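**Q** Return atomic coordinates for the entry below.
(one chain, ligands or ions: 1)
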Amino acid sequence: MLVEMAVAAIRASRLTKDYGSGHGLFDLDLQVSPQEVFGFLGPNGAGKTTTIRLLMGLIHPTSGGAYVFGLDSGRDAVEVKRRVGYLPGDVPEFGSLRGSEVVAYLGGMRGRIDRPTVRALAERFDLDLNRRFREYSSGNKQKLAIVLAFMHRPELLILDEPTSGLDPLNQQEFYALLQETRDAGATIFLSSHVLSEVERVCDRVGILRSGRLVKVAQLDELRHIRVHQVEIEFAPGSEVPESRLRSTLGLEDVKVDGNVVTCSVHGSFDGLLHAIAGSKVTNLVSTEPSLEELFLSFFDEPRPKALPS
Ligand code: ATP
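**A** Modelled structure (predicted):
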């Protein structure tokens, strides 16, 4: 099959950067296919930036390898930088250079610059390229970083928390840009701890935690992890089937307060319905946590909860 023969846009093989004391990135195995949009999620300090810097050849791995379109990120770093649109987590300082001079400088280094694209991007984000870099607000610096990453219409974008510092309107504009870039056939790898961002644009997500990849999943798959918070009100005077509820598999956090029961339902509702069959229920409210809450509960655990594989 053609897809199997295509060189991966990104490949990490047992990629490790050991900063000592358990910090860094460890044994990352990951493959991102051409034209895929991959979200790299994780809390602060999980190792997202470390991974991205390894992919860009900005730091060298302790062991293992990072490859971009089959190029070794360490050995072929110049060619990797040419082919990738990179948006760093921290925008570098360009002092008194004007926006347009920064564009020309980096465009010259890459050997390719698409002027109509630069103009269109600057207009789209309402960025004045005649201003000096040091006069830019942090939001404008981030906009310039976006222009720099997208201006040569790269086939792969590696974006480290791209919307940080952008106001909500510009965030929306950025999401639209991502969709268009993806529709035009580019591959996108973006790190984030904002789930809604990832939810909006990604095909697959990887979850990184303490330097280790704990899960890779299709976004749809994550949405199908069913956890519902349920509140059941039994008719006054009718018996609450407490022991049946407590012993039902898939029901957790069962709390009884008078004739009201709250619990969380993991997976199917069959067990719950069976447990309350025969009781007089006057109200049943079920709410599904957002993906955001799901991830938070996932990250809050001392150890990652097992997600279905
Ligand atoms: P954030 O969301 O806060 O940007 P991150 O997921 O990008 O976090 P990294 O910046 O990759 O995380 O950091 C991963 C871990 O490696 C952290 O514990 C960090 O303190 C540590 N680390 C990063 N760079 C270095 C360095 N140069 N020397 C020592 N430790 C480092």
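**Q** use CA for all of it now, contacts and neighbours both
**A** OK.
**Q** where does P308 land on pLDDT?
**A** Note for P308: predicted pLDDT of 43.
**Q** can you offset everything so residue one is 14?
**A** Got it, first residue is 14 now, which makes that one P321.
**Q** Run a quick check on L54 versus E212, I expect a contact.
**A** No - the pair L54 / E212 is not scored as a contact, 10.8 Å apart, by CA atoms under 8 Å.
**Q** So which of the two has more stuff around it?
**A** L54 (26 against 17; other CA atoms under 10 Å).
**Q** is that one in a bridge, and if so with what?
**A** L54 has the following beta-bridge partners by DSSP bridges: S205, I220.
**Q** From the structure, what's the count of residues near the residue of the stretch 214-322 of the chain found nearest the ligand?
**A** Residue nearest to the ligand within the stretch 214-322 of the chain: G224 (6.6 Å; CA to the nearest ligand atom). G224 has 23 neighbouring residues, counting by other CA under 10 Å.
**Q** what sits against it?
**A** 36-39, 59-60 (CA atoms under 8 Å, 6 or more residues apart in numbering).
**Q** Drop anything exposed from the residues you listed.
**A** In those, burial by neighbour count holds for 37-39, 59-60, counting by 16 or more other CA atoms under 10 Å.
**Q** And the helices in this structure?
**A** Taking DSSP state H as the criterion, the chain carries its helices at 15-18, 61-68, 90-96, 112-123, 128-137, 151-163, 181-196, 208-214, 232-236, 255-259, 283-289, 304-313.
**Q** Can you tell me which of the ones you listed is packed in deepest?
**A** Highest mean neighbour count among the helices of the chain (mean count of other CA atoms under 10 Å): helix 61-68, with a mean of 24.
**Q** hmm, that helix touching the ligand?
**A** Yes - Helix 61-68 lies within reach of the ligand by CA under 6 Å from any ligand atom, at 61-63.
**Q** Stretch 227-244 now?
**A** No - using CA under 6 Å from any ligand atom, stretch 227-244 never reaches the ligand; the gap is at least 13.3 Å.
**Q** starting at the chain centroid, how far to that stretch?
**A** Relative to its parent chain, stretch 227-244 has a centroid offset of 15 Å by CA atoms, centre = their mean, to the nearest Å.
**Q** Sort out which residues of that stretch are buried, please.
**A** 227-230, 232, 235, 240-244.
**Q** got any ranges where the stretch 214-322 of the chain has weak pLDDT?
**A** Residue ranges of the stretch 214-322 of the chain with pLDDT under 70: 235-239, 302-322.
**Q** ranges for the strands of it?
**A** Listed in chain order, the strands of the stretch 214-322 of the chain (DSSP state E, counting those that start in this stretch) span 217-222, 225-231, 240-247, 264-270, 273-279, 294-300.
**Q** Can you list the low-confidence ranges for the stretch 64-213 of the chain?
**A** When residues are selected by pLDDT under 70, those of the stretch 64-213 of the chain lie in 124, 208-209.
**Q** Show me how far stretch 38-45 is from its chain's centre.
**A** 15 Å.
**Q** G98: neighbour count?
**A** Neighbour count for G98, taken as other CA under 10 Å: 25.
**Q** wait, doesn't it sit right on V160?
**A** No - G98 is beyond contact range of V160, at 9.6 Å (criterion: CA under 8 Å).
**Q** Tell me how many other residues surround G35.
**A** Based on other CA under 10 Å, the number of other residues close to G35 is 10.
**Q** Report the contact partners of it.
**A** Contacts for G35 (CA under 8 Å, 6+ apart) come out as S223.
**Q** Quick check: the gap between it and D233.
**A** 32 Å (CA to CA, to the nearest Å).
**Q** No further queries at this time; thank you.
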